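Asker: I'll drop the sequence and a predicted model, then ask my questions.
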Amino acid sequence: DAKTTQPTSMDCAEGRAANLPCNHSTISGNEYVYWYRQIHSQGPQYIIHGLKNNETNEMASLIITEDRKSSTLILPHATLRDTAVYYCIFPTGGFKTIFGAGTRLFVKA
Amino acid sequence: GAVVSQHPSRVICKSGTSVKIECRSLDFQATTMFWYRQFPKQSLMLMATSNEGSKATYEQGVEKDKFLINHASLTLSTLTVTSAHPEDSSFYICSATGTDTTNEKLFFGSGTQLSVL
C-alpha cells in the first residue's frame, strides 16, 4: 500500500502558484520526502527533496510541517509545461519506493 | 547530474517472444536498480529491486520466471519479459541509485513502452 496521500487532481491558472499537498504521517525521523513529476509517457523527473527544513531550488519550494507528517510542493509561477502527475514519496532503506497515485495537475491558460 | 539511460523506448513484439530492456547508469555506479511497470492512467508499480551481483528481489505477485532481471555490472541492469503476452503490454521504467549520486536522489530512465500483439 502507498504510504502517501495526495489529492487526485488539481487545477491552476497559468502564472499563479500551484500548491500541492501530501500527507505522509508514517514517515520516520530519518526519511527524506521527495517530489517527482511525470509527464505523459516519460520517466519521473526529480523536483526537490527535504528532511526537516523548508527547501527551495530553481524548480520549486518544499514546505515540511514541523511534525513532518505532511508537506506542500509549491510551483511559484506555474506554466502550461508544468501540467503533469506529481508524486511525493519517501524511500525506505535502500531507496525502495512505493508510489501512491499522485496528483494530476492541470495548468490552464 | 546523474543520468539513467533506458533502451529501447518503444518495442512491439509478437505474442510468445521475449523482449529485453536495458537500463544503464551513464555517470555513476548504480549499486541498486529498481524496475517498475505502469498501466495507462495508473501509478508506478514496483516490480523488483536489483542489487549488483546478487539475485533480484521481486515484489509480491510478480513472477520471477516471467520477468528475468540481471544486474551483472554496476552500470547495467536488464529486464527480460519472457514469452510475452498481450497482458504484458505496459510502460516499464527503471530507476537507479548508488555511489556518486548527489544528495542520494533516485534517478529514472525514460521508460519503455512494450506492446505485445
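Answerer: Okay, I see it.
Asker: backbone phi and psi for the closest residue to chain B within chain A, please?
Answerer: Of all residues in chain A, the one sitting closest to chain B is residue A:43 (3.8 Å; C-beta to the nearest C-beta). All C-beta atoms are positioned from the backbone trio N, CA, C, and that covers glycine. Main-chain dihedrals, residue A:43, degrees, to the nearest 10: phi -80, psi 160.
Asker: What residues does chain B have near chain A?
Answerer: For chain B, the residues in contact with chain A (C-beta under 8 Å from any C-beta of the partner chain) are B:4, B:6, B:32, B:34, B:36, B:42-46, B:49, B:91, B:93, B:95, B:97, B:103-111, B:113.
Asker: The same query, at a cut-off of 6 Å, please.
Answerer: For chain B, the residues in contact with chain A (C-beta under 6 Å from any C-beta of the partner chain) are B:43-44, B:49, B:93, B:97, B:105-106, B:108-111.
Asker: now those in JSON lines, with neighbour count and pLDDT?
Answerer: Below are these laid out as JSON lines (neighbours: other C-beta atoms under 10 Å in any protein chain shown; pLDDT from 0 to 100):
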{"residue": "B:43", "neighbour count": "16", "pLDDT": "94"}
{"residue": "B:44", "neighbour count": "29", "pLDDT": "95"}
{"residue": "B:49", "neighbour count": "19", "pLDDT": "93"}
{"residue": "B:93", "neighbour count": "26", "pLDDT": "97"}
{"residue": "B:97", "neighbour count": "23", "pLDDT": "85"}
{"residue": "B:105", "neighbour count": "19", "pLDDT": "78"}
{"residue": "B:106", "neighbour count": "22", "pLDDT": "85"}
{"residue": "B:108", "neighbour count": "23", "pLDDT": "93"}
{"residue": "B:109", "neighbour count": "28", "pLDDT": "95"}
{"residue": "B:110", "neighbour count": "16", "pLDDT": "95"}
{"residue": "B:111", "neighbour count": "23", "pLDDT": "97"}
